[in-house]
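Colleague: please work out how this folds:
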Amino acid sequence: MINNTLGIGIQGIQDGMAGMDNAARKIARGGVDGPQGSAEGAGNLAEPMIELNLYKRSVEASAQVVKTADETIGTLLDIMV
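Modeller: Purely as a prediction, here's the structure:
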């Protein structure tokens with residue numbers, strides 16, 4: 001069960017990092033999601049900035065899950081030894 005929790009935490013970190021990368025790319029493009037040179041969505045940085053912050057919080061929460069699972073495994077090993 002701890003391994004499953006650890007796996008979920010790691011997957012959450014990976015998903016969050018991928019989301020942060022995607023949001024950062026949108027920000028770097030200046031919010032332009034349309035074809036190159038088009039004005040479609042130009043200058044709309046609010047949504048990718050919000051996404052970046054949400055993914056950051058997701059990574060932080062997943063990291064806490066991994067930390068707690070690690071501490072639990074350490075405690076169980078201390079008890080068994």
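Colleague: which residues in this structure form helices?
Modeller: For the chain, the helices defined by DSSP state H occupy 2-28, 46-80.
Colleague: Serialize the ones you listed to CSV and add fields for mean pLDDT.
Modeller: What follows is the helices of the chain, written out as CSV (pLDDT from 0 to 100):
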stretch, mean pLDDT
helix 2-28, 94
helix 46-80, 95
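Colleague: check contacts around the residue sitting nearest the centre point of the chain.
Modeller: By C-alpha atoms, centre = their mean, the chain has its centre lying nearest to Gly16, at 1.6 Å. Applying C-beta atoms under 8 Å, 6 or more residues apart in numbering, we find Gly16 in contact with 55-56, 58-59, 62. Using the backbone N, CA and C atoms, a C-beta is placed for each residue, glycine as well.
Colleague: of those residues, closest to Lys26?
Modeller: Tyr55 (11.6 Å; C-beta to C-beta).
Colleague: that closest one: what's it in contact with?
Modeller: By C-beta under 8 Å, 6+ apart, the residues touching Tyr55 are 16-17, 19-20, 23.
Colleague: ok, Gly12 touching Glu60?
Modeller: No: counting by C-beta atoms under 8 Å, Gly12 stays clear of Glu60, with 10.0 Å between them.
Colleague: the two - which one has more neighbours?
Modeller: Comparing Gly12 with Glu60 by other C-beta atoms under 10 Å, the one with more neighbours is Gly12, at 18 against 11.
Colleague: for the more buried one, which non-adjacent residue is closest in space?
Modeller: Ranked by C-beta to C-beta, 6 or more residues apart in numbering and with sequence neighbours excluded, the top spatial neighbour of Gly12 is Ser62, at 3.1 Å.
Colleague: how far away is that neighbour from Arg29?
Modeller: The gap separating Ser62 from Arg29 is 27 Å, by C-beta to C-beta, to the nearest Å.
Colleague: more neighbours, the two?
Modeller: Set side by side, Ser62 and Arg29 show more neighbours around Ser62, with 20 against 14, by other C-beta under 10 Å.
Colleague: which residues touch that one?
Modeller: 8-13, 16.
Colleague: how about 6 Å then?
Modeller: Contact analysis of Ser62 by C-beta atoms under 6 Å, 6 or more residues apart in numbering lists 9, 12-13.
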